[in-house]
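Chemist: Predicted structure and sequence below. I'll ask about it afterward.
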Amino acid sequence: MRRHRQSRILATLGPSSSTPERIRELVDAGADVFRLNFSHGSHADHAERLRLIRDIERETGRPIGVLMDLQGPKLRIGTMAGGKVTLTNGSRFRLDLDPTPGDATRATLPHPEIFAALETGTELLLDDGKLRLRVDAFGPDFAETTVLVGGPLSDRKGVNVPGVVLPISPLTAKDRADLDYGLSLGVDWVALSFVQRPEDIREAREIVGDRAWIMAKLEKPSAIDRLDDIVALADGVMVARGDLGVELPPERVPMLQKQIVRSARSAGRPVVVATQMLESMISSPVPTRAEASDVATAIYDGADAVMLSAESASGQFPVEAVTIMDRIIRQVEEDPAWRTSLEASHVPPEANTPDAICCALRRVTALLSPAATVAYSSSGFSCLRASRERPATPILGLTPHLATARRLALVWGVHPVPFEDVHDVGEMVEHAQTAAVTHEFAQPGDDIVVIAGLPFGRSGSTNLLHIVKIPD
């Protein structure tokens, strides 16, 4: 059951990683949670992948989390006459609702919500930011622009509107159908794309309820303006550096990554750093040194998990990518400077009983060096608050609910184990000792720390810390 590292690995499944043998190899190499990217593949594809994950979960006895990633709104221009045109710097270019194929002077933009949100001087980015336009005049169905950065423009290229909150829902009709299907399959996390404001999380929560945890993908500059409010409403957050790097200058992305990680850690929300972490391993069996440093930086910052996208979904070396990511994490976590960095970035606890218990846990593990912490948690709350403190021991999360165990597979330091419910403190201590030894977190004679909430089964009631020595 035990991973000999605290940070987690989130791997995307796709054409390169959808056989039972390959998924099992990824688990053995270190994948803790799998991402199903609903921007690609059919419902049948995702159902089969999830079925294989659950089969492997039963074989290994290890809870495996599954995250469904919703596509979100995709803003694109229409078609171009001849398939491609070239825009020149300084030229005039019109965007409108006319479905006629575009040319070097105009193109279709079938999104009236964009025109409704424009202001004079707004910049529009086309084709992942390769082309840049400035809005000079606009109306409800058009925008007259000047080309600031030109280049080739072909059919259905994407449009980004940085710095503008668009009056659209993060959930398209496709997303709603996908979400309904994914929840029926029993996914553990829902990654919500195109989050601009806290209301977007509330909208998703009305549909998801308590059937899964919601992860806000932070890829829009407007979301950064409301960062703490969004983090407070979400169950976790993802630093989606790909789209974030399109709408913002690249030099700002590293700072925003640290800002998001700090905000999530302060709130006790799991945070994932994603996009291009080992990009070269799509076609190479080894990463670049810069990529290894990128993964290491996220771990030094205290991220809960790092994510592989195309590297594991469609790359030539998916198992090697997970393996090297596991090795990088382990190497960082063996560095004394890693613990020093975590301590330096520690956020004071809130003034409530659960945080007081978990703050004490952090001090106890630092002073006594127990073999492990055992956290009893029905909802996952105790494990989340314990993880927020980044204690010096691994956290063995015992829960009576398999769904909770799967969700906790993404959380820093938590090794989730489905376990029978307990009814009194004596039974709790006995089960904690047994689990710690069975799963090789401790040996007879070792001290362990047990935290729980009394009465048992009440979410958010963490109020007990007990130090116990495992009998010889």
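Modeler: Thanks, I have it.
Chemist: who's in contact with the strand or helix carrying D228?
Modeler: D228 is part of helix 227-233, with elements assigned from DSSP states H and E. With C-beta atoms under 8 Å, 6 or more residues apart in numbering as the test, helix 227-233 has contacts from 195, 197-198, 200-202, 205, 216, 218, 223, 237, 259-260, 263-264, 267, 269. (C-beta placed from N, C-alpha, C; glycine too.)
Chemist: How about the contacts made by the closest residue to L67 other than its chain neighbours?
Modeler: Computed as C-beta to C-beta, 6 or more residues apart in numbering, the closest residue to L67 that is not its neighbour in sequence is W189, at 3.9 Å. By C-beta under 8 Å, 6+ apart, the contact list for W189 reads 33, 65-68, 212-215, 235-236, 407, 410.
Chemist: ok, W189 to S280 distance?
Modeler: 27 Å (C-beta to C-beta, to the nearest Å).
Chemist: Over to H423?
Modeler: Taking C-beta to C-beta, one finds H423 at 53 Å from S280.
Chemist: before we move on, back to that, emit the ChimeraX select command for whichever of the contacts of helix 227-233 are buried.
Modeler: The buried subset of those, as determined by 16 or more other C-beta atoms under 10 Å, is captured in ChimeraX by this line:
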select :195,197,198,200,201,205,216,218,223,237,260,263,264,267,269
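Chemist: so G14 touches F38, yeah?
Modeler: No. If you go by C-beta atoms under 8 Å, G14 and F38 don't touch, sitting 11.8 Å apart.
Chemist: Look at these two and report which has more neighbours.
Modeler: Between G14 and F38, counting by other C-beta atoms under 10 Å, F38 is the more crowded of the two (25 against 21).
Chemist: and that one, what is it in contact with?
Modeler: Neighbours of F38 in contact, by C-beta under 8 Å, 6+ apart: 46, 68-71, 175, 178, 182.
Chemist: In contact with D355: list those residues for me.
Modeler: Listed by C-beta under 8 Å, 6+ apart, the contact set of D355 reads 349, 385.
Chemist: name the element it belongs to?
Modeler: Following DSSP H and E, one finds D355 within helix 353-368.
Chemist: in its sheet, what does the helix or strand following that helix sit against?
Modeler: Using DSSP H and E, the helix or strand that follows helix 353-368 in sequence is strand 372-376. Here strand 372-376 has these sheet partners by DSSP bridges: strand 395-399 (parallel), strand 447-453 (parallel).
Chemist: R156 is nearest to which of those?
Modeler: Closest of these to R156 is strand 395-399, at 45.3 Å (criterion: C-beta to C-beta).
Chemist: pretty sure V164 contacts A117?
Modeler: Yes. Using C-beta under 8 Å, V164 makes contact with A117 at a distance of 5.0 Å.
Chemist: And those two? Which one has more around it.
Modeler: V164 (19 against 16).
Chemist: For the more buried one, give me its contacts.
Modeler: 117-119, 122, 222.
Chemist: repeat that for 6 Å
Modeler: A117 (C-beta atoms under 6 Å, 6 or more residues apart in numbering).
Chemist: now it: how far from R134?
Modeler: 13 Å.
Chemist: now swap in A104 and tell me
Modeler: Distance from A104 to R134, by C-beta to C-beta: 17 Å.
Chemist: How about H423?
Modeler: 67 Å.
Chemist: same question, R22
Modeler: Distance of R22 to R134, computed by C-beta to C-beta: 47 Å.
Chemist: Show me the contact partners of the helix or strand of the chain with the lowest mean pLDDT.
Modeler: In the chain, no helix or strand scores lower on mean pLDDT, DSSP states H and E than helix 241-247, which sits at a mean of 90. The set of residues external to helix 241-247 that reach it, using C-beta under 6 Å, 6+ apart, is 128-129, 160, 162, 219, 221, 253, 275.
Chemist: Just give me the neighbour total for R262.
Modeler: Quick note: R262 (other C-beta under 10 Å) scores 16 neighbours.
Chemist: ok now stretch 371-384, how far from the chain's centre?
Modeler: Stretch 371-384 sits 21 Å away from the centroid of its parent chain (C-alpha atoms, centre = their mean, to the nearest Å).
Chemist: what does it contact?
Modeler: For stretch 371-384, using C-beta under 6 Å, 6+ apart, the contacting residues are 268, 386, 391, 393-399, 404, 407-408, 414, 432, 436, 441-442, 446, 448-452, 457, 459-460, 462.
Chemist: can you pull the buried residues of the helix or strand in which T146 is found?
Modeler: Taking DSSP H and E as the criterion, T146 maps to strand 142-149. Across strand 142-149, burial judged by 16+ other C-beta under 10 Å covers 142-145, 147.
Chemist: tally of neighbours for T105?
Modeler: T105 has 11 nearby residues by other C-beta under 10 Å.
Chemist: Mark out where each domain of the chain begins and ends.
Modeler: Here the domain parsing of the chain from automatic domain parsing is 8-72+171-334, 81-160, 353-469.
Chemist: nearest to V347, of those domains?
Modeler: domain 8-72+171-334 (4.3 Å).
Chemist: distance between that closest one and the chain's centre?
Modeler: 4 Å.
Chemist: What is the end-to-end distance of it?
Modeler: Domain 8-72+171-334 has its terminal residues 15 Å apart, counting by C-alpha to C-alpha, to the nearest Å.
Chemist: Please apply the same query to stretch 183-197.
Modeler: End to end - C-alpha to C-alpha - stretch 183-197 spans 23 Å.
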